[in-house]
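Participant: whatever this is, show me its structure:
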Amino acid sequence: MSKRLLSILVLALWGCQGETKTEWRPREYLGTVCEACPAVRIAVPEAGETTPLGRGVNRAIREEVIELLDYDETREASSIPEAIEAFGAGYRQVKQQFPDEAIGWEAIIEGIVTYEDATLVSLRLEMYTFTGGAHGLSTTHYLNFDRMTGEELNNEQLFADWDALEKLAEKTFREAHRIPYGTNINQTGFMFEGNQFHLPENMGFTTEGLELYYNPYEIASYADGPISLIMPMERIAPLLAARLRPKQGA
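Facilitator: Got it, this is the predicted structure:
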């Protein structure tokens, strides 16, 4: 079977399974409003705990939020409300030590489901924190899951041929930014380490395809902002791991 025919078949089957849906519920967490409290708002999707996917997604989101907000060195947060309290404790400690310098802290986390089919679910978390300094920090994190088992998948688990994906991504990246192949990847101002293209730490699926998302500082300056590249599904479908490819007759 030719690669072109395989791509068409995979996409057709992919589309047939796109009707599979999970019942997502919006969940919002707000920090306490007071003079000595940071501003905190967390709005994320939540699934039922009765399925492996629901448990996996809820656990992964909880861990991401805790990692971002747990500034309390005296105890370890185990839930999102506790992480919000820890963020507040961290702010109050700084404010006590430096009363004339401490500026109000802020944390905003918003999550959306960007893609789901019979084998795969992708979520994107937009995260912003300000804890002093010249500016806050905005980052985007993708979370990808095996729909059947609820397992959170790392980037390499998504694909059967990582090297082929990287080569295709570099070709697509160079085309998008008009950097001739074989020339220095950093010639237009990017900052790839060692002048070698590499895939980003964050990638996930959307209805348009695979999004490669470079957060600020990853390959460019903060002033340049994030760098995003969409690779259409028909180009990356043949490279998917076997467990994530739609099955005939499914």
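Participant: from now on I want contacts and neighbour counts done on CA atoms only, so please keep to that.
Facilitator: OK.
Participant: show me the shaky parts of the protein.
Facilitator: In the prediction, the chain carries residues with pLDDT under 70 at positions 1-20, 101-102, 246-250.
Participant: quick check, central residue of it?
Facilitator: Y142 (1.6 Å; Cα atoms, centre = their mean).
Participant: what is the subsequent helix or strand relative to the helix or strand hosting that one?
Facilitator: Secondary-structure assignment from DSSP states H and E places Y142 in strand 137-146. Reading on from strand 137-146 to the C-terminus, the next helix or strand found by DSSP H and E is strand 152-153.
Participant: elements contacting the helix or strand that comes right after that next one?
Facilitator: With elements assigned by DSSP H and E, the helix or strand that comes after strand 152-153 is helix 162-177. Packed against helix 162-177, as judged by 3 or more Cα pairs under 8 Å, 6 or more residues apart in numbering; DSSP states H and E, are the following elements: strand 227-232.
Participant: given the strand it packs on, what are its sheet partners and their directions?
Facilitator: Sheet pairing of strand 227-232 (DSSP bridges) gives strand 209-214 (antiparallel).
Participant: for G182, give me the backbone phi and psi.
Facilitator: Here is the backbone geometry of G182 (degrees, to the nearest 10): phi 90, psi -10.
Participant: pull the number of nearby residues for it.
Facilitator: As a burial measure, the neighbour count of G182 was computed by other Cα atoms under 10 Å and equals 7.
Participant: then the one 5 residues further on?
Facilitator: A count of neighbours around Q187, defined by other Cα under 10 Å, yields 11.
Participant: skip the chain neighbours and tell me the closest residue to the residue nearest to the centre of the chain.
Facilitator: Using Cα to Cα, 6 or more residues apart in numbering and skipping the chain neighbours, the partner closest in space to Y142 is R124 (4.5 Å).
Participant: run through the bridge partners of the one you found.
Facilitator: For R124, the beta-bridge assignment (DSSP bridges) gives partners I112, Y142.
Participant: test my guess that it contacts L143.
Facilitator: Yes: the pair R124 and L143 qualifies as a contact (Cα atoms under 8 Å) at a distance of 6.3 Å.
Participant: okay, and the common contacts of those two?
Facilitator: Counting by Cα atoms under 8 Å, 6 or more residues apart in numbering, the common neighbours of R124 and L143 are G204.
Participant: on that earlier part again, pull the number of nearby residues for the residue nearest to Y142.
Facilitator: Neighbour count of R124, defined by other Cα under 10 Å: 22.
Participant: what about it, distance to K171?
Facilitator: As for R124, its distance to K171 is 25 Å (criterion: Cα to Cα, to the nearest Å).
Participant: follow-up on the earlier one: separation between the residue nearest to Y142 and R245?
Facilitator: 21 Å.
Participant: please apply the same query to V40.
Facilitator: Counting by Cα to Cα, the gap from V40 to R245 is 39 Å.
Participant: what's the answer for T172, then?
Facilitator: Going from T172 to R245 by Cα to Cα gives 22 Å.
Participant: got it, and I185?
Facilitator: When distance is defined by Cα to Cα, I185 is 32 Å away from R245.
Participant: Three-state assignment for the residue located most distally from the centre of the chain, please.
Facilitator: Taking Cα atoms, centre = their mean as the measure, the residue most remote from the mean C-alpha position of the chain is D100, 36.1 Å away. Taking DSSP: H, G, I helix; E, B strand; the rest coil as the rule, one finds D100 in the coil state.
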